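Enquirer: okay, predicted coordinates and the sequence, questions at the end:
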Amino acid sequence: MPSTYLTHARVVLPDRVLEDSAVLIDDGVIVAIAPDGARAGHEIDLRGQTLVPGLIDLHCDAIEKEAEPRSKVLFPLDFAVAQVDRRNAAAGITTPYHALSFANSEWGVRNNDTAAQVVRSVRAFRQHSLVDNRVHCRYEVTDATSLPVLQALMDEGAVDLLSVMDHSPGQGQFKTLESYLQYMIGNHAMSREQAEEAARAKTRSKDGAVQRVETLLAHAHGLGIPTASHDDDSIHRIATMRNLGVSMSEFPITLDTARAAVSCGLPTILGAPNVLRGKSQSGSMRAIDAIRAGVASCLCSDYQPSTLIAAALAVAAQTDLTLPQAIALVTANPADACGLFDRGRIAVGLRADLVAVAQVGALPLISHAWSAGRLVFSTHYPAGLAQAPAVEPRGLVAA
């Protein structure tokens, strides 16, 4: 792979921003920042654009919509994986964790057999991938049948992150029975009667959930797989999850819950769509409030990859976080949470996962993305429109 010299960019480092600077990459890694007199086999002028680390997305279930774009309409899984790979490259996400739910045979792609096939399809496609595709398996605690399936996938080395979740009505994401019913009717084309029966079945299946969670988390820990809890809705639940060895909390429901997670050393993961929309789709806390309170560690794209970079720059514009701190929510912090110490920052010796961002009208859009030094996405906007995203880095600019 020839060396590449990225020039005239606004470079976001972990602690400062370099204006009109350059980065040299060779053999898949960053070999120099702002080098004097560098030469390379390929030079790319990023004048007017901002260069940030490749984005790391710990939770996105967009792959489910690629596999099942309409309820009960399944596409070939290799086709779906290839499309979501391209989608992430264009969104600047160089390390996506594809979130796949295991919930017996509840609906569509969210059943054990199909979800396991998708996991294995992601793994099989890795040799062709544009980006570093990883798998985030989500265990629905009301399902007594998933344990052997998930244990087998973990033993195969196909699972990179495991989370436990409880979507039964009356707690977590679904605070009322009606909110659960409306979700099932709207998202999964169920009749009201079918949704009501699904709710009853979920409630009946909670027996033994604690023991199942303990067994599954112990298996993950034995293999060194990071773990997370989902939709934590109380300080008590945070304490319970922490005692079980969970290493992060995704989508905590309230500020108090998020504070409890951070105070006991659990990084929190919140949704980028929540930032862009200014509210939660399920009536939980606003992500921007958690960020302002200092209890948001990471942002994830949740269900829409394109939101990740836009949300990070919105955070820089709407809060007291500096530009490097805002970018860390989608790069360094998720890397640290999952032990990916070879990426997430623009620093000499790290993987050359890099993203160039242009301001096109009012929108920050990805113009280039490199994964381990390989250019995996490139586009050009009409002359005169593209410039560096208009975010003041608040005193951290270096000449």
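Expert: Received, thanks.
Enquirer: average pLDDT for stretch 273-287?
Expert: Summarised as a single mean, pLDDT over stretch 273-287 is 89.
Enquirer: mind listing what the closest residue to M1 other than its chain neighbours touches?
Expert: Spatial nearest neighbour of M1, chain neighbours left out: G373 (5.8 Å); criterion: Cβ to Cβ, 6 or more residues apart in numbering. Just so you know, the C-beta spots here come from the backbone N, C-alpha and C atoms, and that holds for glycine as well. When contacts are counted by Cβ atoms under 8 Å, 6 or more residues apart in numbering, G373 touches 1, 4, 25-29, 351-352.
Enquirer: quick one: low-confidence ranges for the chain?
Expert: Low-confidence segments of the chain, defined by pLDDT under 70: 37, 40, 105-107, 167-184, 186-189, 197-208, 383-388, 390-399.
Enquirer: hey, where'd the helices end up in it?
Expert: 62-67, 77-90, 112-125, 147-155, 177-188, 192-204, 209-222, 235-243, 255-263, 272-277, 287-292, 307-318, 323-328, 332-337 (DSSP state H).
Enquirer: looking at the ones you listed, which is buried most?
Expert: helix 323-328 (a mean of 25; mean count of other Cβ atoms under 10 Å).
Enquirer: ok, P14 to A332 distance?
Expert: The spacing between P14 and A332, counted by Cβ to Cβ, to the nearest Å, is 6 Å.
Enquirer: kindly apply the preceding question to G339 instead.
Expert: Counting by Cβ to Cβ, the separation of G339 from A332 is 13 Å.
Enquirer: measure the nearest residue to V29 once chain neighbours are set aside to R345 for me?
Expert: Nearest residue to V29, sequence neighbours excluded (Cβ to Cβ, 6+ apart): A352, at 5.5 Å. Distance of A352 to R345, given as Cβ to Cβ: 12 Å.
Enquirer: the two: which has the busier surroundings?
Expert: Legend: neighbour count by other Cβ atoms under 10 Å for A352 and R345, higher for A352 (26 against 23).
Enquirer: hang on, that one packs against L24?
Expert: No - counting by Cβ atoms under 8 Å, A352 does not reach L24; the two are 9.4 Å apart.
Enquirer: so what's the residue positioned nearest the centre of the chain up against?
Expert: Closest to where the C-alpha atoms of the chain average out (Cα atoms, centre = their mean) is D57, at 2.2 Å. D57 makes contacts with 88, 93, 95-97, 300-301, 305, 308, 330, 334, as judged by Cβ under 8 Å, 6+ apart.
Enquirer: redo these as a markdown table? Include distance to A258.
Expert: Conversion of the contacts of D57 to a markdown table gives the following (distance: Cβ to Cβ, whole Å):
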| residue | distance to A258 |
| --- | --- |
| N88 | 27 |
| I93 | 24 |
| T95 | 24 |
| P96 | 24 |
| Y97 | 20 |
| C300 | 14 |
| S301 | 19 |
| P305 | 24 |
| L308 | 19 |
| V330 | 17 |
| P334 | 16 |
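Enquirer: mind checking which of those residues are in strands?
Expert: Within the contacts of D57, residues falling in strands by DSSP state E are 93, 95-97, 300.
Enquirer: leaving aside the residues adjacent along the chain, what's closest to L244?
Expert: Leaving aside its sequence neighbours, L244 sits nearest to L217 (Cβ to Cβ, 6+ apart; 5.4 Å).
Enquirer: residue contacts, the one you found?
Expert: By Cβ under 8 Å, 6+ apart, the neighbours of L217 are 162, 164, 227, 244-246.
Enquirer: just these: which are in strands?
Expert: Checked against DSSP E, the contacts of L217 include these in strands: 162, 164, 227.
Enquirer: can you list the residues you listed in a markdown table and add distance to S121 and neighbour count?
Expert: Below are these laid out as a markdown table (distance: Cβ to Cβ, whole Å; neighbours: other Cβ atoms under 10 Å):
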| residue | distance to S121 | neighbour count |
| --- | --- | --- |
| L162 | 18 | 26 |
| V164 | 23 | 22 |
| T227 | 23 | 20 |
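Enquirer: in a markdown table: those, plus distance to E68.
Expert: What follows is the ones in strands among the contacts of L217, written out as a markdown table (distance: Cβ to Cβ, whole Å):
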| residue | distance to E68 |
| --- | --- |
| L162 | 22 |
| V164 | 23 |
| T227 | 26 |
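Enquirer: closest to V141 among those residues?
Expert: Here the nearest of these to V141, counting by Cβ to Cβ, is V164; it sits at 5.7 Å.
Enquirer: got the contact list for the closest one?
Expert: 138-139, 141, 213, 216-217, 227-230, 241, 246.
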